[in-house]
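Asks: this one's structure only:
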């Protein structure tokens, strides 16, 4: 919806006082020039458009919802998930072993159902805090629990709200069955006194025009270690100017309505990883920056990325590299041969 500004014409009828009687000559059928006292067109319309901060798409209304970031379970037993097709941005990264988890960011809209929701890691918390988001998780690692306890980010956790805000599905077994609705998110935020307006936009740029340079890359695969269940495959459809996505050989789609994920951008960002405990938990250094691959419009561009106030931004020299307007999937991959990207024209 485009908002309209209405500008009323400043025309007011002025009544002339007088005692003289009207004559026939004063009321003939002659064409009379328009005078300053006659009414002008009563409106002029000025169009105002809004841009969604995380997609670059025109918004029907001013984009005033605070981002919500949810930890989504990506284990094969948790697929298909609920709400991924409605996320503006999805961040995918390793948790323990070769298993990845997803951070789904919602700002343009909140889906009816989100999940399965899984536990927090400290670097998930850091990323959510950098976005000034309301953070959703069910459980936490010891480091994440300690970080959440500092109040670094407003959050709702299923460890406190299991059975109230977070509900268990009877169709799956724990820990693959915790869900929260969009209504419950807003209810929990209100009850906790968390604001849900004034989004903090990322330092990203968007441009619908295909960018110069790059290489043809109509198909791309991103893998983590040797487990094919966590290999993502993207195929560009020139008719739609969008990418489809498969994970573990199955199309990524919504559990509830079957809507397939369609993306305008795929980012692959190299991040330093290290193991921090005997459980295989990791630390990711988002402040280090590094090499970035950007897939858009059926081409791939090699750039660098950096942290801008804690949010990753792909750079073109000193300015953000323009992304295609639409949804984005971001892969954080280690700087090691075990994680790699393959692409073909």
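Replies: Received it, and whenever you're ready, just let me know what you need. As the structure is a computational prediction, the values presented were derived from the model and not from experiment.
Asks: Residue 191: which element?
Replies: Here residue 191, judged by DSSP states H and E, is contained in helix 182-192.
Asks: ok, and what's touching that helix?
Replies: Where contact means CB atoms under 8 Å, 6 or more residues apart in numbering, the residues beyond helix 182-192 that reach it are 68, 110-114, 134, 136, 154, 156, 161, 165-167, 195-196. Quick note: C-beta positions are derived from backbone N, CA and C, even for glycine.
Asks: Okay, buried residues for it please.
Replies: Counting neighbours by 16 or more other CB atoms under 10 Å, one finds that the buried residues in helix 182-192 are 182, 184-186, 188-189.
Asks: Going by neighbour count, which of the contacts of helix 182-192 comes out on top?
Replies: Each of the contacts of helix 182-192 was scored by neighbour count (other CB atoms under 10 Å); the top score is that of residue 136, with 31 neighbours.
Asks: So that residue is in contact with residue 117, correct?
Replies: Yes: with contact defined as CB atoms under 8 Å, residue 136 counts as touching residue 117 (5.9 Å).
Asks: for the chain, which spans come out with low pLDDT?
Replies: Along the chain, the parts satisfying pLDDT under 70 run over 1-47, 337-338.
Asks: residues in contact with the residue nearest the centre of the chain?
Replies: The C-alpha lying nearest the average C-alpha coordinate of the chain belongs to residue 88 (CA atoms, centre = their mean; 2.3 Å). Remark: with contacts taken as CB under 8 Å, 6+ apart, residue 88 is in contact with 52, 54-55, 105-108, 327-328.
Asks: all helices for the stretch 1-150 of the chain, in order.
Replies: For the stretch 1-150 of the chain, the helices defined by DSSP state H, counting those that start in this stretch cover 122-130, 142-149.
Asks: Pick the most buried one from the ones you listed.
Replies: Neighbour counts averaged per stretch over the helices of the stretch 1-150 of the chain are highest for helix 122-130, at a mean of 23; criterion: mean count of other CB atoms under 10 Å.
Asks: starting at the chain centroid, how far to that helix?
Replies: Its chain's C-alpha centre lies 15 Å from the corresponding centre of helix 122-130 when counted by CA atoms, centre = their mean, to the nearest Å.
Asks: and it, what does it pack onto?
Replies: Taking 3 or more CB pairs under 8 Å, 6 or more residues apart in numbering; DSSP states H and E as the contact definition, the neighbouring helices and strands of helix 122-130 are strand 68-73, strand 100-106, strand 134-137, helix 142-149, strand 282-284.
Asks: Report the angle between the second one and helix 182-192.
Replies: Strand 100-106 runs at 80 degrees relative to helix 182-192, counting by axes from the mean of the first three to the mean of the last three CA atoms, to 10 degrees.
Asks: quick one: contacts of strand 100-106?
Replies: Contact with strand 100-106 is made by 54, 67-74, 81, 83-84, 86-95, 114, 118, 121, 124, 127-128, 131, 133, 224, 230, as judged by CB under 8 Å, 6+ apart.
Asks: got it, and the shortest one?
Replies: When contacts are defined by CB under 8 Å, 6+ apart, strand 282-284 is touched by residues 93-96, 121-123, 271-276, 332.
Asks: partners of that strand, with directions?
Replies: Sheet neighbours of strand 282-284, with direction, are listed as strand 273-275 (antiparallel) (DSSP bridges).
Asks: what does the second one give?
Replies: Sheet pairing here is set by DSSP bridges, and for strand 100-106 it gives strand 68-73 (antiparallel), strand 89-94 (antiparallel).
Asks: And the contacts of residue 88, which is closest to residue 217?
Replies: Top of the list for closeness to residue 217, among those and by CB to CB, is residue 328 at 15.9 Å.
Asks: and that closest one, what does it touch?
Replies: By CB under 8 Å, 6+ apart, residue 328 lies in contact with 54-55, 88-90, 263-267.
Asks: now residue 92
Replies: Taking CB under 8 Å, 6+ apart as the criterion, residue 92 is in contact with 74, 100-103, 232, 329-332.
Asks: The stretch 151-300 of the chain: helices as residue ranges?
Replies: 158-161, 182-192.
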